[in-house]
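K.L.:
Only the shape, not the letters, is given here:
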Ligand code: GTP
Ligand code: SPV
Ligand code: MN
């Protein structure tokens, strides 16, 4: 059955080019109804109520306006193998791997698809033909929703207007949280001629009536899923998945993949980065961005509680994506294009992230978390005891009665909360500034159980770009990979590049040669070192990360008497034992700052192979220079 909605069936008020686009898609998808969303409270409530009636979401008794959705177990994360950038020329998107392209063995994927570890490419015209077939009649029996929305603050010169067409009411209510959706964006749409609007088309790919059983009321079509991007047409077309970054097109599809491609053309940066402010005990405030791969700690760092270093304050601007432009004075200014958080639930507790835990108890849509019999949420690492006499019973994300003995998690490891940014109690006063905030440090990081120290500072911009390019991290549940293999994830952007990574590097390097820019310093952190014997984390992380942030802060001052001291190593500047503010006044565990030349020599080999194999002739000379210089520094060490 479809979710009932009092559809307005009117396209009045849409700019003519958009009206034509929408009409064309209505004709193609053949929905029963269509509805132009205004983003109002009433519309939202009507959608939530009808989804609740249809059993698509369940209301949580314990909280105000909170719901749980559980998905088809085959539709739980981004699908990188089916995420594709489509252009005329392949080299605009990927380089030919030295060992050639792997053959496409999945019969549901186009034979001419080119898959590489740095992104997938296909010819635009060929892909459009395939999509035409997938979308033909794909919304029969359903309502087609038209969502006008804006990425970035209203009246910001850096914001972009977009429209998403979808047949998923879950996507509509989620987009209303994650983007500035409805009336304001709609006004801008009316004024605009439509040519600069990013167009997104999404379907769950299950026309009604369907002969296949729909799993747990979550329609999706995993075999036929394709998440495609057309940077030359400013278009996104996504089929078959209703989950997260696959279907909420404003997020990874627009703000990162189309965004990075626009950014290159227009001379700015669209990055997978949180934005935070840090105020030191003297009242000096600085803004930082940080790029960590999916599920590696951005939301947590953006909401850090610096309780153990008195006098420090951290405030949040964004937890996932930063759009950054150099202003007329040469300062790098960042806006958060999003309007909400789509955050990882597991691991969120009173002690790790109290700010997030507080904010999700109102107006939140949870996906794939577990539910207790008294109407509360539950997930691994929520910090509540689940054994004992008076504990409620737990219903897992698979809608089964759950207990620890089942040997599987109650909540999916990639389960998420979706909450409006305004509910965050530590928003920076400038979070919505149309001009953005001035960035002084860029922090890269990843999940590295061995070898990579807690923090180091790059020597300069070019070396910092090399550090970003060389990033690696353990695989997480945010995409379809199994196990914990260490994957290359340059700039935490591997799944999100909208154009050729080699050219992306050249774009980053180009800022190093421009006069009068105040280039931020570039750092690398690793919260995830493990003790080889016990396999426990060596660093407490979370709130204690302020000690590393404090060191970074003190590295940024020009007053040498105040500057935190550091010593030079082949990988960069490392804190002196005594300048990194250790836990309870102690020096930090030396294992956190160890540099093993043997480890880094191996790392260099892996990076060289990776670049050689995958970036090939598009690798900028500066990066080869940095790699050679790094190896030379290592060879001089005993
Ligand atoms: P995406 O939304 O996928 O981009 O993820 P993210 O980068 O925002 O990661 P998030 O902050 O949601 O953290 C992901 C997981 O890592 C959660 O389970 C956290 O509890 C855990 N985590 C975050 N910060 C730390 C830390 O400092 N130490 C440890 N040990 N775990 C952390
Ligand atoms: C990520 O995977 O980096 C996310 C979640 O932030 S999703 O929106 O699904 O991409
Ligand atoms: Mn992310």
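P.N.:
Alright, I've got the coordinates. Owing to the predicted nature of the structure, the values given are computational and were not obtained by experimental measurement. Numbers count the residues shown, from 1 in each chain. Ligands and ions are numbered 1, 2, ... in the order given.

K.L.:
how about stretch 356-369: buried residues?
P.N.:
356-357, 359-361, 363-369 (16 or more other C-beta atoms under 10 Å). Bear in mind the C-beta positions are built from the backbone N, C-alpha and C, glycine included.

K.L.:
how long is it end to end?
P.N.:
Start-to-end span of stretch 356-369 (C-alpha to C-alpha, to the nearest Å) is 15 Å.

K.L.:
Who are the contact partners of residue 547?
P.N.:
308-309, 580-583, 588 (C-beta atoms under 8 Å, 6 or more residues apart in numbering).

K.L.:
Then residue 435?
P.N.:
Residue 435 is in contact with 156, 327, 333, counting by C-beta under 8 Å, 6+ apart.

K.L.:
tell me the SS of it?
P.N.:
Classification of residue 435 using DSSP: H, G, I helix; E, B strand; the rest coil returns coil.

K.L.:
ditto for residue 550
P.N.:
The three-state label given to residue 550 by three-state DSSP is helix.

K.L.:
for ligand 3, what are the nearby residues on this structure?
P.N.:
294, 320 (C-beta under 5 Å from the ion).

K.L.:
shaky segments in the chain?
P.N.:
Within the chain, the ranges that satisfy pLDDT under 70 run 1-5, 186, 188-195, 213-216, 385-391, 583-584, 638.

K.L.:
Give me the longest helix you can find in it.
P.N.:
When the chain is scanned for its longest helix (criterion: DSSP state H), the result is helix 597-614.

K.L.:
Mind giving me the packing neighbours of it?
P.N.:
strand 486-488, helix 621-636 (3 or more C-beta pairs under 8 Å, 6 or more residues apart in numbering; DSSP states H and E).

K.L.:
ranking these by burial, who's on top?
P.N.:
Highest mean neighbour count of those: strand 486-488, a mean of 18 (counted as mean count of other C-beta atoms under 10 Å).

K.L.:
ok, back up a step: so for ligand 1, which of the helices and strands packed on helix 597-614 sits nearest?
P.N.:
strand 486-488 (14.1 Å; C-beta to the nearest ligand atom).

K.L.:
From the chain's centroid, how far away is that closest one?
P.N.:
17 Å (C-alpha atoms, centre = their mean, to the nearest Å).

K.L.:
is ligand 2 contacted by that strand?
P.N.:
No - contact of strand 486-488 with ligand 2 (C-beta under 6 Å from any ligand atom) is absent, the minimum separation being 13.4 Å.

K.L.:
Now tell me what touches that strand from outside.
P.N.:
Contacts of strand 486-488 (C-beta under 8 Å, 6+ apart): 117, 448, 471-475, 481, 494, 606-607, 610.

K.L.:
what's the answer for stretch 303-313, then?
P.N.:
276, 278-281, 314, 316, 319, 353-356, 424, 426, 542-547, 549-550, 581, 583.

K.L.:
Going by neighbour count, list what's buried in it.
P.N.:
303-306, 312-313.

K.L.:
Equivalent analysis for stretch 9-17, please.
P.N.:
14-15.

K.L.:
With stretch 550-563 instead?
P.N.:
550-556.

K.L.:
which residue sits closest to the residue of the stretch 501-638 of the chain found nearest ligand 1 in space, ignoring its chain neighbours?
P.N.:
Proximity of the stretch 501-638 of the chain to ligand 1 (C-beta to the nearest ligand atom) peaks at residue 541, 2.5 Å away. Distances taken as C-beta to C-beta, 6 or more residues apart in numbering put residue 527 closest to residue 541, at 4.5 Å, once the chain neighbours are dropped.

K.L.:
swap in residue 101?
P.N.:
What sits nearest to residue 101 in space, not counting adjacent residues and going by C-beta to C-beta, 6+ apart, is residue 114, at 5.1 Å.

K.L.:
Ok, residue 11 next?
P.N.:
Nearest one to residue 11, counting by C-beta to C-beta, 6+ apart, is residue 19 at 5.0 Å.

K.L.:
Check the gap between the residue nearest to residue 541 and residue 417 for me.
P.N.:
Separation of residue 527 from residue 417 (C-beta to C-beta, to the nearest Å) stands at 21 Å.

K.L.:
measure residue 483 to residue 477 for me?
P.N.:
Look at residue 483 and residue 477: by C-beta to C-beta, they are 11 Å apart.

K.L.:
out of those two, which sits in the more crowded spot?
P.N.:
residue 477 (18 against 6; other C-beta atoms under 10 Å).

K.L.:
Give the phi and psi angles for that one, as a check.
P.N.:
Main-chain dihedrals, residue 477, degrees, to the nearest 10: phi -80, psi 0.

K.L.:
Run through the residues that contact it.
P.N.:
77, 295, 412-414.

K.L.:
just how off-centre is stretch 230-248 within its chain?
P.N.:
14 Å.

K.L.:
could you check whether that stretch is close to ligand 1?
P.N.:
No - taking C-beta under 6 Å from any ligand atom as the criterion, stretch 230-248 and ligand 1 are apart, separated by no less than 8.7 Å.

K.L.:
And that stretch, what's buried?
P.N.:
230-231, 234-248.

K.L.:
And for stretch 396-411?
P.N.:
So, applying 16+ other C-beta under 10 Å, buried residues of stretch 396-411: 396-398, 402, 409-411.

K.L.:
Show me which residues of the stretch 151-300 of the chain are close to ligand 2?
P.N.:
244-245, 251-252, 294.

K.L.:
Can you pick out the most distant pair from those?
P.N.:
Spatial extent of those (C-beta to C-beta) is set by the pair 251 and 294 at 11.4 Å.

K.L.:
how about the strands in the stretch 201-350 of the chain?
P.N.:
226-230, 235-239, 269-271, 274-279, 285-291, 313-318, 322-326, 332-335, 340-344 (DSSP state E, counting those that start in this stretch).

K.L.:
before we move on, back to that, neighbour count added to the contacts of residue 477, as a markdown table?
P.N.:
Below are these laid out as a markdown table (neighbours: other C-beta atoms under 10 Å):
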| residue | neighbour count |
| --- | --- |
| 77 | 24 |
| 295 | 22 |
| 412 | 25 |
| 413 | 19 |
| 414 | 22 |
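
K.L.:
Stretch 467-484 and ligand 2, are they touching?
P.N.:
Yes - for stretch 467-484, a contact with ligand 2 is found by C-beta under 6 Å from any ligand atom, at residue 478.
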